[in-house]
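Asker: Next comes the sequence, and after it the predicted model I'd like to discuss.
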Amino acid sequence: MRKTGAEIPRLAALLLVLSTIFTLTNAAAGAYHAIKKIPIPGDGGWDYVAADSDARRLYVSHDTEIVVLDLDSGAVVGKIAGGPDMHGAAIASEFGRGFISESNPGSVVIFDLKTLAKIGEVRVGDDPNGIIYDPETKRIFTADRGSKRLTAIDAKTGKIAGTIENLGGRTEHLASDNAGHIFLNMQDRNTVLKLDAVDLKVLETWPVAPCQGPSSMDMDREHARIFIGCRGGLMIVVDATTGKIVASNPIGEGVDAAEFDPKAGLVYFSTGADGALWIFREESPNQYTLVENAKTQAGARTMALDRKTGRVYLAVADLGQRPAPTPENPRPRPPVIPGTFSVLVLGQ
């Protein structure tokens with residue numbers, strides 16, 4: 001039957017509506033969402049989460065231990081015990097060793113990647129927090145907040161290779177360009193340091209204003225870009241050769257983790273104040289577009305990315321009412337409700 005002139009616009013409008021619904025449905029299907037929660041026994045605090053995508057292991061700090069999960073099944077495959085305030089894990093696969101920073105008052109635990117047995121411990125600076133492995137120098141680097149220094153450990157021998165002393169501020173996350181340099185956030189100075197990973201010296205000090213409280217860090221090594229999450233609610237991108245800020249975007253407050261996926265060209269930031277995962281697409285080395293703001297959970301500030309599956313793993317717990325501020329503790333954290341600590345898994 002021949003369509004009338006009035007019916008043709010209506011048909012076109014109907015097709016447009018159906019097309020929009022189809023597009024939105026596909027977009028929603030591809031969005032990050034909670035897949036499951038993996039409960040972990042115990043009521044202590046937590047810090048970093050680290051994924052070893054090749055070995056299919058997830059390392060979750062939980063007060064006096066690191067809990068190790070199978071990335072595929074989510075099962076707990078072991079635990080590595082230590083002192084109070086175990087922070088993060090760094091993996092040196094070529095030597096079959098893992099390294100954990102702990103405030104005890106300051107040491108690095110060395111463990112066997114296959115058996116998860118502790119094989120050593122080395123005293124570093126007070127209160128080591130951030131920890132990474134640099135494959136170029138074959139060294140483990142810890143950012144020692146209490147001593148305001150960087151400690152380098154030979155990953156093969158487990159012995160201290162040297163330090164950079166008197167950094168003069170609160171050290172935070174760090175990253176390696178795998179080409180002889182380490183970059184380190186100085187959280188209370190709102191600066192980033194460029195360090196010589198071989199000769200262990202400060203090469204550059206770069207201000208990062210308007211970033212307040214630079215915390216999380218990762219890198220696009222191919223394009224020499226540093227991704228920094230700022231506690232005040234901003235992400236910035238820094239040129240690793242010049243120190244210039246080339247891009248910035250607002251995010252939530254309380255960020256404590258950043259991950260870059262070079263295959264997908266995506267940058268992830270987890271923010272605990274608003275319970276969100278902020279995902280940006282790298283359009284070019286100097287341009288970044290927010291593609292998703294996925295809901296996580298209040299207090300979910302640390303996370304790790306499985307680069308094989310694209311899934312994101314966040315340390316979370318249900319929180320009680322925040323105590324009133326005091327002069328001794330002006331920014332108190334809300335208490336953790338017992339029996340609720342877990343790993344929240346987000347995927348598409």
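Answerer: Here it is on my side, so go on.

Asker: Would you state the strands of the stretch 151-300 of the chain in chain order?
Answerer: Taking DSSP state E, counting those that start in this stretch as the criterion, the stretch 151-300 of the chain contains strands spanning 160-164, 171-176, 181-186, 191-196, 201-207, 214-220, 225-230, 234-239, 245-250, 255-261, 266-271, 276-284, 287-295.

Asker: Figure out which of the ones you listed is closest to P332.
Answerer: Comparing the strands of the stretch 151-300 of the chain against P332 with Cβ to Cβ, the closest turns out to be strand 255-261 (17.0 Å). Where C-beta positions appear, they are placed from N, C-alpha and C, glycine not excepted.

Asker: And the contacts of the closest one?
Answerer: Identification of contacts with strand 255-261 by Cβ atoms under 8 Å, 6 or more residues apart in numbering yields 48-49, 173, 215-220, 227-231, 235, 266-272, 301-305, 307, 310, 312.

Asker: And stretch 296-307, by the same measure?
Answerer: Contacts with stretch 296-307, where a contact means Cβ under 8 Å, 6+ apart, come from 34, 46-51, 53, 58, 71, 254-257, 259, 261, 263, 268, 270-277, 311-317, 319, 334, 344, 346.

Asker: List only buried entries from these.
Answerer: Taking 16 or more other Cβ atoms under 10 Å as the criterion, what is buried in those is 46-51, 58, 71, 254-257, 259, 261, 268, 270-272, 274-277, 311-317, 319, 344, 346.

Asker: What residues are bridge-paired with the residue nearest the centre of the chain?
Answerer: The structure's the chain has its C-alpha centroid closest to A257; by Cα atoms, centre = their mean the separation is 2.8 Å. Beta-bridge pairing of A257 under DSSP bridges involves S270.

Asker: Turn the strands of the stretch 151-300 of the chain into CSV, columns for distance to P41 and mean pLDDT.
Answerer: Converted to CSV, the strands of the stretch 151-300 of the chain look like this (distance: least, Cβ to Cβ, whole Å; pLDDT from 0 to 100):
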stretch, distance to P41, mean pLDDT
strand 160-164, 35, 98
strand 171-176, 28, 97
strand 181-186, 33, 98
strand 191-196, 38, 98
strand 201-207, 43, 98
strand 214-220, 27, 98
strand 225-230, 30, 98
strand 234-239, 34, 98
strand 245-250, 37, 98
strand 255-261, 23, 97
strand 266-271, 23, 98
strand 276-284, 25, 98
strand 287-295, 26, 97
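
Asker: now those strands as TSV including distance to A90?
Answerer: Output for those, formatted as TSV (distance: least, Cβ to Cβ, whole Å):
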stretch	distance to A90
strand 160-164	15
strand 171-176	10
strand 181-186	13
strand 191-196	16
strand 201-207	22
strand 214-220	14
strand 225-230	18
strand 234-239	22
strand 245-250	27
strand 255-261	15
strand 266-271	19
strand 276-284	23
strand 287-295	27
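
Asker: Could you list the low-pLDDT ranges of the chain?
Answerer: Residues of the chain that meet the criterion pLDDT under 70 lie in 1-30.

Asker: Helices of that one, residue ranges please.
Answerer: For the chain, the helices defined by DSSP state H cover 7-29.

Asker: That's all I had, so thanks and see you.
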